[in-house]
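> need a 3D model of the following:
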Amino acid sequence: MIFLLFALGLICIIRGGDRFVDAAVWMASKSRIPPFIIGATVVSLATTLPEIIVSLMAAWQGQTDMATGNAVGSVTANTALILSVSVLLRPEPIDRARLTPKALLQLAAVLTMWLSGISGWLTPFGCVSMLALFGCFVYENLRSAKSERRADLTSDVAVSRNTLIRHLLIFVIGAGEIIIGSRLLVDNGTVIARDILHIDERIVSLTMVAIGTSLPELVTAISAVVKKSGSLAVGNILGANTIDLLLILPLCALTRGGVLPLSRDTLWIDIPFCLLITLIMLIPALIKRRFYRWQGAASLSLYVLYMVLLYVI
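Numbers count the residues shown, from 1 in each chain. The predicted structure is shown next:
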């Protein structure tokens, strides 16, 4: 039954991701907001719901390593696995003006989390700093959406009420399938890893749980690339990463009375590796104004090495 539910979760995620991207691309075209902005806001918020739910439940139950490992591991998986796969499948030129604020916010998010918790605890001051950065992220997306929409002079964007309702329903159903599928995948995958293979909680959260809750982003990214909307995939990943770090961890701290413990391995292995992968994927893209396959290959190779070392060490 555990393996059947695990497979059912995977099916739900794949079906939901396809519907989700179709509806998101339609929303972008009809609202005159670029797919990159749609991906960084609506899509990224919806695809991070599994991470939010899993981390909050873990923090509430006192499984702090699971809560922090899921958040940090999801960012690492999003960047080193999902963005790398997207770049390997279809490397594209980028709009530096759109990418720069989102990329800098992700880098700032990783650094702020690291510096805020370097004492071994994410304190109330650190939580406030991270939430302030999240406010900057929301403001930047609203500003970008408003300016980009004004710049688009397309006149005919009217749609019938039935068409609008149908696509909104597709969007909601797709998001629901992704969330339910992720939950089935994570719950049953965790049982397989922890109870059958007897793996440490931190490692389970960084691998099985983090990759499982990141599957919505993976499916969304692959679907977007196949549908030739790669900018939506990049926007989704950057937005999801920022939400994972700046919103999930402060919320987890609030459930623990305002502070959240961070293990030594998290501070000196997991977060630095997350920062390294982020630098490899984003800095060359900002300088050269495009992603290259070598970035995807390098990040993916390092991620595989990181996964192996987690289990060996």
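
> other SSEs contacting the helix or strand containing residue 284?
Using DSSP states H and E, residue 284 sits in helix 271-288. The helices and strands touching helix 271-288, judged by 3 or more C-beta pairs under 8 Å, 6 or more residues apart in numbering; DSSP states H and E, are helix 64-77, helix 96-116, helix 293-312. The way it works is simple: take the backbone N, C-alpha and C, and place the C-beta from them, glycine included.

> which residues touch residue 275?
Contact analysis of residue 275 by C-beta atoms under 8 Å, 6 or more residues apart in numbering lists 107, 110-111, 114.

> quick one: end-to-end length of stretch 55-65, please.
End-to-end distance of stretch 55-65 (C-alpha to C-alpha, to the nearest Å): 10 Å.

> what do you get for stretch 220-235?
Across stretch 220-235, the terminal residues are separated by 11 Å (C-alpha to C-alpha).

> and that stretch, how far from the chain's centre?
Relative to its parent chain, stretch 220-235 has a centroid offset of 14 Å by C-alpha atoms, centre = their mean, to the nearest Å.

> could you do stretch 56-76 as well?
Distance, stretch centre to chain centre, for stretch 56-76: 14 Å (C-alpha atoms, centre = their mean).

> hmm, residue 190 is touching residue 204, no?
Yes. Shown here, residue 190 and residue 204 form a contact pair, counting by C-beta atoms under 8 Å, at 5.9 Å.

> those two: who's more crowded?
Ranked by neighbour count (other C-beta atoms under 10 Å), residue 190 and residue 204 place residue 204 first, with 24 against 19.

> what about the more buried one, distance to residue 54?
Distance check for residue 204 against residue 54: by C-beta to C-beta, to the nearest Å, it reads 11 Å.

> identify the contacts common to the two.
Residues within reach of residue 204 and of residue 54 at once, by C-beta under 8 Å, 6+ apart, are residue 66.

> picking up where we left off before, out of the helices and strands packed on helix 271-288, which is closest to residue 280?
Smallest distance to residue 280 across the helices and strands packed on helix 271-288 (C-beta to C-beta): 5.4 Å, for helix 293-312.

> other SSEs contacting the closest one?
Against helix 293-312 (3+ C-beta pairs under 8 Å, 6+ apart) you get helix 64-77, helix 84-89, helix 271-288.

> which among the contacts of residue 275 gets closest to residue 306?
Comparing the contacts of residue 275 against residue 306 with C-beta to C-beta places residue 110 closest, at 15.3 Å.

> so what's residue 57 up against?
Residue 57 makes contact with no residue under the criterion C-beta under 8 Å, 6+ apart.

> tell me which helix or strand it sits in.
For residue 57, the host element (DSSP H and E) is helix 49-60.

> and that helix, what's its mean pLDDT?
Per-residue pLDDT over helix 49-60 has a mean of 78.

> among the contacts of residue 275, which ones are buried?
Among those, those scoring as buried are 107, 110, 114 (criterion: 16 or more other C-beta atoms under 10 Å).

> report the separation between the nearest residue to the second one once chain neighbours are set aside and residue 283.
It refers to residue 110. Distance criterion C-beta to C-beta, 6 or more residues apart in numbering; nearest residue to residue 110, sequence neighbours excluded, is residue 275 at 4.9 Å. In this view, residue 275 and residue 283 are 11 Å apart by C-beta to C-beta.
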